[in-house]
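**Q** Dropping a prediction and its sequence here:
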Amino acid sequence: MAAAAGLLLACGFYFSFRYYTHFKEIRRQQEIFRMREAAWERLRIGLGREIFRFKGQAGIVVKDLKFNRELFYRKDFPFPSASLVKLPIMAACFSAVREGRLDLSRQVALKSSDKFGGSGMLKSVRPGTVFTVEELIGLMIYESDNTATNILTTLLGMDYLNSAFVSLGLTNTNLSRRVADFRSRDRGIENYTTAEDVSSILERIYRGTLIDREVSEQCLRMLKLQRVNDRLPRYLPADITVAHKTGLERNVCHDSGIIFFCGGDFLVCVLTRHNNPHSYAAKKFIARVGLRVYDFSLEISGQPAKNTGPRRIGKRRMD
């Protein structure tokens with residue numbers, strides 16, 4: 001009898017302890033959820049303040065890729081894409097490789113007629129220099145090379161690129177002129193995209209579903225090599241990885257990418273249009289959006305959010 005009573009008592013203690021620890025875990029998860037909800041609301045308000053202060057138009061998508069939560073503002077509003085169109089062109093190039101239209105190892109000799117001004121180093125390279133298609137895609141992305149983009153556009157044709165954009169689900173992205181063809185731009189011929197379309201490509205790259213995982217990882221590696229870091233990464237610590245693509249033309253300034261924080265991975269896409277004589281204010285606005293997301297990541301990881309006043313954390317190359 002005593003043994004039975006002892007067994008019952010032990011069982012009582014065991015199940016009471018299990019109930020208590022289960023209850024504590026539920027309370028802990030509820031507290032974490034409330035904390036994240038409050039931080040998410042502060043991020044929403046903070047982004048709204050940045051949008052209100054910015055003297056121009058903006059299209060924004062901020063997505064917590066772990067919890068699949070999204071904040072957005074005018075994400076379907078069309079903006080001149082500038083060099084941001086090189087992101088869907090990259091996706092279209094890999095689609096062409098899968099279809100057998102393009103070979104990454106194909107060698108292409110640079111011609112004088114290929115050269116475009118603006119960003120990139122190929123405009124200064126001797127004609128006749130040979131590059132593989134894979135090298136040209138890389139230069140188009142991390143150097144934002146206009147000449148490399150022009151060669152790839154010639155290889156595939158604008159009709160194919162536009163049809164590939166549609167196949168990729170990019171309903172508001174088009175290529176009506178070559179990048180850096182400013183004469184056509186001045187005649188009103190423009191390339192457009194939206195924050196929603198750009199975010200769609202970036203998320204597929206992140207989740208390994210752009211063509212396949214191997215292609216997605218290759219695209220992500222190229223985006224991590226981006227040389228222009230005066231927007232989204234501007235106020236971030238230098239050890240934070242940002243896989244992104246920028247765009248810059250007269251009255252247009254963009255940056256979109258994946259930021260890998262300790263508090264999680266975030267998709268941040270910011271497109272802007274303005275009437276300022278220079279792009280400084282737009283670049284600073286984009287940088288502050290990145291900073292707001294960084295402070296959110298600190299808060300949800302248990303660290304205090306930083307002051308969002310102008311400052312520079314770490315050192316990054318500015319081009």
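**A** Received, thanks. Residues are numbered from 1 along each chain as shown.

**Q** Give me the nearest residue to the most centrally placed residue in the chain, chain neighbours excluded.
**A** The geometric centre of the chain, computed from its C-alpha atoms, lies nearest to residue 257 (C-alpha atoms, centre = their mean), at 1.4 Å. Of all residues beyond its chain neighbours, the one nearest residue 257 is residue 244 (2.4 Å), with distances taken as C-beta to C-beta, 6 or more residues apart in numbering. Quick note: C-beta positions are derived from backbone N, CA and C, even for glycine.

**Q** just to revisit the earlier point, can you give the strand pairings for the helix or strand harbouring the residue nearest to the centre of the chain, parallel or anti for each?
**A** For residue 257, the element it lies in under DSSP states H and E is strand 252-261. According to DSSP bridges, strand 252-261 has the following sheet partners: strand 241-249 (antiparallel), strand 264-273 (antiparallel).

**Q** got JSON lines for those strands, with mean neighbour count and distance to residue 61 too?
**A** Shown next, in JSON lines, are the strands paired with strand 252-261 (neighbours: other C-beta atoms under 10 Å; distance: least, C-beta to C-beta, whole Å):
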{"stretch": "strand 241-249", "mean neighbour count": "23", "distance to residue 61": "13"}
{"stretch": "strand 264-273", "mean neighbour count": "24", "distance to residue 61": "4"}
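
**Q** now those as a markdown table including distance to residue 207 and mean pLDDT?
**A** Formatted as a markdown table, those follow (distance: least, C-beta to C-beta, whole Å; pLDDT from 0 to 100):
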| stretch | distance to residue 207 | mean pLDDT |
| --- | --- | --- |
| strand 241-249 | 13 | 97 |
| strand 264-273 | 10 | 97 |
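
**Q** returning to what we had before: so the residue nearest to residue 257 sits against residue 234, correct?
**A** No: in this structure, residue 244 is not within contact of residue 234 by C-beta atoms under 8 Å, at 11.4 Å.

**Q** still on that earlier bit, which residues does the residue nearest to residue 257 contact?
**A** Residues near residue 244 by C-beta atoms under 8 Å, 6 or more residues apart in numbering: 223, 226, 232-233, 255-259.

**Q** what are the phi and psi values for residue 250?
**A** Reported as degrees, to the nearest 10, the phi and psi values for residue 250 are phi -60, psi 120.

**Q** burial measure for it, as a count.
**A** One way to gauge burial is a neighbour count; for residue 250, by other C-beta atoms under 10 Å, it gives 14.

**Q** Quick check: it vs residue 274, distance?
**A** 10 Å (C-beta to C-beta, to the nearest Å).

**Q** thinking again about what came up before, now the residue nearest to residue 257: how far from residue 290?
**A** Using C-beta to C-beta, residue 244 is found at 9 Å from residue 290.

**Q** which residues do those two both contact?
**A** With the criterion set as C-beta under 8 Å, 6+ apart, the overlap between the contacts of residue 244 and residue 290 is 232-233, 255, 259.

**Q** and of those residues, the nearest to residue 88?
**A** Nearest to residue 88 among the shared contacts of residue 244 and residue 290: residue 255, at 15.6 Å, using C-beta to C-beta.

**Q** Report the beta-bridge partners for the closest one.
**A** Beta-bridge pairing of residue 255 under DSSP bridges involves residue 246, residue 270.

**Q** I'd like to check which residues are in contact with it.
**A** Residue 255 sits in contact with 231-232, 244-247, 270, 286, 290, where contact means C-beta under 8 Å, 6+ apart.

**Q** With residue 185 instead?
**A** Listed by C-beta under 8 Å, 6+ apart, the contact set of residue 185 reads 177, 249.

**Q** Can you tell me which of the strands paired with strand 252-261 is nearest to residue 71?
**A** Distances from residue 71 to each of the strands paired with strand 252-261 were compared using C-beta to C-beta; the minimum, 10.0 Å, belongs to strand 264-273.

**Q** Can you verify my assumption that residue 115 contacts residue 129?
**A** No: the pair residue 115 / residue 129 is not scored as a contact, 11.4 Å apart, by C-beta under 8 Å.

**Q** who's more crowded, those two?
**A** The neighbour count for residue 115 versus residue 129, taken as other C-beta under 10 Å, is higher for residue 115 (17 against 10).
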